[in-house]
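Visitor: need a 3D model of the sequence below.
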Amino acid sequence: MPGEAPRVGAPLWNVVVGCLGGLVVLSTCCIVSVLLLEASPAAVLMGGVLAVVVAPFYAVFLLWLDPLEHEPPWLLLIALLWGAGVATLVGGFSTLGLNVIARGLFGVSETIADGLGSVIFAPVTEEFAKGAFLLFLFAFARHEFDDVVDGIVYGGLVGLGFAVVEDFAYYLTALATEGLAATGALFVIRGLLTGFGHPFYTALTGLGCGLARSTRSGFLRALALPGGLAAAIFFHALWNGLTVAAAATESVALVLVVLIGYPFGILLPGALTLTLVAIVAARQRRRDVYRYLEEGVREGLAHVDDLETLTHPWRRRARQVRVLMTLGWRAFWLRRRLDIALVDWGYRRWHRARGDRLPRYLAAFELEALEMRIRHWRAELGRLQVTKVS
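Guide: Down below sits the predicted model:
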């Protein structure tokens, strides 16, 4: 139709995304239904508020780590819901199954089986379940998974979704069995002191996936992904082991380690390290995008003012707002889509220079398709500007 951007079909990709979205919605509904089955409305309301009150701050922090590239909101939402639904169900039932096997097949006591479940089974099954989404991105959504920054962001959001649902379950249990004061103390520990635990663990898996995606070294590529997953399992198991040991021994020293040592000795330095890695990687990608946009200027695909504007997110947003105020919503939409496509084009040029070409089912996101849409949107935006002036 006239006025529409040229399209390059990607039917297989659309089917995959639809199935993935349906899976996460169905599993999220299942886990929420299980949690709400025997809970009172007051407990649900209070537990829900406690579970989500700090989550937006962690989400904003994770998204802040990737200011240059616009990640699709629907894919970010799927990452969050994957952690909340799929990973919670798979991790929980897998841990339960391993507990049953340990008791029945090996004849271990219930106490030992519970300890194994907390310290070994749960970290392994939960991190594998959360990391499965990152493996999906790594294998099938290469156009949206560029480097360590994407790995940290998507991994952190998967972990955040998992943490919200897990904390909700803990709060409901505490409200039903121990009362309001104990629930408040639990919120301080799980929500405030160690609320970044699950995002941190899965961000490590994402970091490994990102290194494997962006490095040219075959040796590093082979080690990065399993290394990131192993680090996630280790830190998860360390936290679970400390809490189990503190509860079993009632040691003041271990309690202090749980309340102070782990949050400020592990999670805070870990978050700062991830931030530093993301900032360094983002600056490098900014330089790469700038360099390829210079080529785009010479090819007539980009304008000179795009060089500085697109590589500085606040300038980009300011220009989009100016377009909205002067030319209206249609022009704003075109300007925004054009900016996103130009940055994506720079990333694709970077990947193409490294020998990476997208599979056929992602042809809609390849360089040639992006160039078609960029030229179309720029021409339409130009017509709107001329019409406004005249």
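Visitor: can you map out the helices along the stretch 151-300 of the chain?
Guide: Using DSSP state H, counting those that start in this stretch, the helices of the stretch 151-300 of the chain run over 180-187, 197-214, 218-249, 252-256, 262, 268-298.
Visitor: need the winner for burial among the ones you listed.
Guide: Most buried of these, by mean neighbour count (mean count of other C-beta atoms under 10 Å): helix 197-214, with a mean of 29. All C-beta spots, glycine's among them, are computed from the backbone N, C-alpha and C.
Visitor: where do the helices of the stretch 1-150 of the chain begin and end?
Guide: Using DSSP H, counting those that start in this stretch, helices in the stretch 1-150 of the chain cover 11-36, 41-52, 55-64, 73-81, 88-106, 110-116, 122-140, 148-177.
Visitor: nearest to residue 189, out of these?
Guide: Across those, residue 189 has its closest neighbour in helix 148-177 (9.7 Å, C-beta to C-beta).
Visitor: buried residues in that closest one?
Guide: 148-175 (16 or more other C-beta atoms under 10 Å).
Visitor: in the protein, which residue is most central in space?
Guide: residue 154 (1.8 Å; C-alpha atoms, centre = their mean).
Visitor: the nearest residue to it once chain neighbours are set aside: neighbour count?
Guide: Excluding the flanking residues, the one nearest residue 154 by C-beta to C-beta, 6 or more residues apart in numbering is residue 79, at 5.0 Å. Counted with other C-beta atoms under 10 Å, residues neighbouring residue 79 total 29.
Visitor: any idea how far residue 369 is from residue 79?
Guide: Residue 79 sits 24 Å away from residue 369, going by C-beta to C-beta, to the nearest Å.
Visitor: likewise for residue 283?
Guide: For residue 283, the distance to residue 369 - C-beta to C-beta - is 28 Å.
Visitor: likewise residue 200?
Guide: Distance, residue 200 to residue 369, by C-beta to C-beta: 37 Å.
Visitor: torsion angles phi and psi at the closest residue to residue 191 other than its chain neighbours?
Guide: The shortest distance from residue 191 to any non-neighbouring residue, by C-beta to C-beta, 6+ apart, is to residue 54 (5.3 Å). Dihedral pair for residue 54: phi -100, psi -10, per degrees, to the nearest 10.
Visitor: give the contact list for residue 54.
Guide: With contact taken as C-beta atoms under 8 Å, 6 or more residues apart in numbering, residue 54 is in contact with 191, 192, 195.
Visitor: most neighbours, which of those residues?
Guide: residue 195 (25 neighbours).
Visitor: I'd assumed residue 166 was in contact with that residue.
Guide: No - counting by C-beta atoms under 8 Å, residue 195 does not reach residue 166; the two are 11.0 Å apart.
Visitor: pLDDT score assigned to the residue nearest to residue 191?
Guide: With respect to pLDDT, residue 54 has a value of 95.
Visitor: now it: how far from residue 161?
Guide: Residue 54 is 14 Å from residue 161, by C-beta to C-beta.
Visitor: for residue 128, see how far away the residue nearest to residue 191 is.
Guide: From residue 54 across to residue 128, the span is 26 Å (C-beta to C-beta).
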